[in-house]
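[1] Here you go, sequence then predicted model.
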Amino acid sequence: MANMNQKIILITGASSGIGYTTAMALSRQGHKVYAAARRVEKMGVLHQQGVQIIKLDLTIENSIEEAVATILDKENRIDVLINNAGYGYFGAIENVDMEEARRQLEVNVFGLARLCQLILPIMRKQGSGRIINVSSVAGKSVLYFGGWYHVSKYAVEAFSDALRMEMKPFGIDVVLIEPGGIKTEWGIIAAKHLAESSKQTPYEQSGLHMAGSLDKVYRMDILSKPEIVTKAICKAVNTKHPHVRYCIGFASKTILFFHHLLPARWWDALMRTLFGKIKL
């Protein structure tokens, strides 16, 4: 007998971290999950657990279109889109190559937006649907040397707010997930990028300090586990009336509170003191 509560779900960035644990959790809850990523070779365990694997590169239009078409051919509907894919490239604005800056926006913003454009007509025809965009507290506050990454996450926040208003008449929910410090490879990769982009530049000393701090923090056990974000996403999928935002994870509410409270120059000084001048 078919599960009447089963939803057809597409989740991006599912080869590791939050995407991986979320795809597994939703599948175990009885949903039919299509897990998309570039590195499908890392997703064998998901496939063994009944998750459908799709190759998807958010920087390639044909790849996005083919992924959506594949699901439609098999299911004739898509109930939930979870835009989880993203990465962080840290570096001084002056140092980050514009090609890399564009790629950051292609993956974190424009690929997300294109998926929405393709799937929204399907959801509107169904008379229901849910878009869940994984943003970050980085969409409301800025860390030292995080410029282009923060640009992308601020954009996801604005995009989601606009989309939520537009979709309200059609019965389509738009939800933002705003994690704080989550123990994944994200911070370690961002630190590596920062160190690479800072070498032999005027920002070398402070950039390497920040990279060392970021790397060390993301290897500590104080950060929240990816499962806490998975839990929030699952709640957003399954509840009848989801929240507009789920702000979760290590220091998420604290960061936003102080960012709102402190004058801009005080925040700038705090970030430079914590990350730019002192090695942890």
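    Done, it's in. Every value quoted in this text rests on a predicted model; they were computed, and no experiment measured them.
[2] from here on, contacts and neighbour counts on C-alpha atoms
    Fine.
[3] Where does the prediction get shaky in the protein?
    The model of the chain has pLDDT under 70 over residues 1-4, 276-280.
[4] hey, which helix is longest across it?
    The longest helix of the chain (DSSP state H) is helix 147-167.
[5] That helix - contacts with which helices or strands?
    helix 98-105, strand 172-179 (3 or more Cα pairs under 8 Å, 6 or more residues apart in numbering; DSSP states H and E).
[6] Quick check: next helix or strand after the helix or strand hosting residue 117?
    Per DSSP states H and E: residue 117 is located in helix 111-126. Helices and strands here follow DSSP H and E; after helix 111-126, the next one along the chain is strand 129-134.
[7] returning to what we had before: highest mean neighbour count out of the helices and strands packed on helix 147-167?
    strand 172-179 (a mean of 24; mean count of other Cα atoms under 10 Å).
[8] Remind me what that one packs against, helices and strands.
    Using 3+ Cα pairs under 8 Å, 6+ apart, strand 172-179 sits against strand 129-134, helix 147-167, helix 226-238, strand 245-248.
[9] In the following helix or strand past the last one, which residues are buried?
    Sequence order places helix 252-261 as the next helix or strand after strand 245-248, per DSSP H and E. Residues of helix 252-261 classed as buried by neighbour count (16 or more other Cα atoms under 10 Å): 252-253, 255-256, 259.
[10] what about residue 57, distance to residue 35?
    12 Å (Cα to Cα, to the nearest Å).
[11] what about the two, which has more around it?
    residue 35 (28 against 20; other Cα atoms under 10 Å).
[12] Can you give me every residue that contacts that one?
    Counting by Cα atoms under 8 Å, 6 or more residues apart in numbering, residue 35 touches 10-15, 23, 51-54.
[13] any idea whether it is helix, strand or coil?
    Applying DSSP: H, G, I helix; E, B strand; the rest coil to residue 35 yields a three-state assignment of strand.
[14] Please tell me how far it sits from residue 53.
    Counting by Cα to Cα, the gap from residue 35 to residue 53 is 5 Å.
[15] Kindly report the same for residue 128.
    24 Å.
[16] Same question for residue 93.
    Counting by Cα to Cα, the gap from residue 93 to residue 53 is 36 Å.
[17] More neighbours: which of those two?
    Applying other Cα under 10 Å to residue 93 and residue 53 shows that residue 53 carries more neighbours, namely 20 against 13.
[18] check which helix or strand covers that one.
    Residue 53 belongs to strand 52-55, assigned by DSSP H and E.
[19] Parallel or antiparallel, which strands does that strand pair with?
    strand 32-37 (parallel) (DSSP bridges).
[20] Would you indicate which residues of the partner strand are buried?
    32-37.
[21] do the same with stretch 227-244
    Within stretch 227-244, the residues scored as buried using 16+ other Cα under 10 Å are 227-233, 236-237, 242, 244.
[22] And stretch 180-200, by the same measure?
    Quick answer for stretch 180-200 (16+ other Cα under 10 Å): 180-184, 186-198.
[23] ditto for stretch 65-82
    65, 67-68, 71, 77-82.
[24] Other residues contacting that stretch?
    Taking Cα under 8 Å, 6+ apart as the rule, stretch 65-82 contacts 7-12, 34, 54-56, 115-116, 118-119, 122-123, 126, 128-134, 237.
[25] Any figure for the gap between the closest residue to residue 12 other than its chain neighbours and residue 105?
    Using Cα to Cα, 6 or more residues apart in numbering and skipping the chain neighbours, the partner closest in space to residue 12 is residue 36 (4.7 Å). Computed as Cα to Cα, the residue 36 to residue 105 distance reads 19 Å.
[26] And for residue 180?
    20 Å.
[27] ok, now residue 141?
    Residue 141 is 18 Å from residue 105, by Cα to Cα.
[28] And for residue 185?
    Taken as Cα to Cα, the span from residue 185 to residue 105 is 19 Å.
[29] Same check on residue 56?
    16 Å.
[30] now do residue 200
    For residue 200 relative to residue 105 (Cα to Cα), the value is 26 Å.
[31] Same check on residue 188?
    Taking Cα to Cα, one finds residue 188 at 20 Å from residue 105.
[32] for residue 171, same thing?
    Residue 171 is 28 Å from residue 105, by Cα to Cα.
[33] repeat for residue 123
    When residue 123 is compared with residue 105 (using Cα to Cα), they lie 25 Å apart.
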